[in-house]
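Visitor: Sequence first, then the predicted structure, then my questions.
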Amino acid sequence: MSFLERQTLEQRYATKVFEKANTYSDKSKDVRTRYGNLAFSLPIMIRSAGLVQALHFASTRKKAEQKAFLTDLALVLGFDNTQHLLDTNRNASITEYMQLTRKTLAVLVWFKRFAQSILDLEASEATELDNGGE
């Protein structure tokens, strides 16, 4: 039994997200903000518009760090890439969709925690997406 098999699901999420977020810890504040802003805004969008709509809207962002965030989210969730995540969510049954929504929100909690602790971001800084941060 490997180390990851003996961890809870939350521990596995935390470990994977930490690895992703930590790669941005030594970047400039602007880069960290562009990467981490989706950790703050995406859960709100998911709860108000639904998972598919929120992910597709976020995928239209043009900054490399925003695209990297979505790729990292997809990888942590077990998908090959962002497009695989989008396709799977768009074509899921209602039961699968609800499960994917819960799983995505659980992973985003860890992204938000590490955006605050590792990337040194606050929710008030995560406005770029809402202000058309392309």
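Guide: Happy to help now that I have it. From a predicted model like this one, the values you see are computed outputs, not experimental measurements.
Visitor: which of the residues in the lengthiest helix in the chain are buried?
Guide: Assignment by DSSP state H gives helix 94-117 as the longest helix of the chain. Neighbour-count burial for helix 94-117 flags 97, 100-101, 103-104, 107-108, 110-112, 114-116 (criterion: 16 or more other CB atoms under 10 Å). Quick note: C-beta positions are derived from backbone N, CA and C, even for glycine.
Visitor: pLDDT added to those, as CSV?
Guide: Output for the buried residues of helix 94-117, formatted as CSV (pLDDT from 0 to 100):
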residue, pLDDT
97, 97
100, 97
101, 98
103, 97
104, 98
107, 98
108, 98
110, 97
111, 97
112, 96
114, 96
115, 95
116, 94
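Visitor: quick one: which of these is nearest to residue 42?
Guide: Among these, residue 108 lies closest to residue 42 (CB to CB), at 5.9 Å.
Visitor: contacting residues for the closest one?
Guide: 39, 42, 43, 46, 73 (CB atoms under 8 Å, 6 or more residues apart in numbering).
Visitor: helices or strands up against the helix or strand harbouring residue 66?
Guide: Here residue 66, judged by DSSP states H and E, is contained in helix 64-76. Other elements packing on helix 64-76 under the criterion 3 or more CB pairs under 8 Å, 6 or more residues apart in numbering; DSSP states H and E are helix 9-22, helix 29-49, helix 51-59, helix 82-91, helix 94-117.
Visitor: got JSON lines for the ones you listed, with distance to residue 65 too?
Guide: Output for the helices and strands packed on helix 64-76, formatted as JSON lines (distance: least, CB to CB, whole Å):
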{"stretch": "helix 9-22", "distance to residue 65": "12"}
{"stretch": "helix 29-49", "distance to residue 65": "4"}
{"stretch": "helix 51-59", "distance to residue 65": "12"}
{"stretch": "helix 82-91", "distance to residue 65": "13"}
{"stretch": "helix 94-117", "distance to residue 65": "12"}
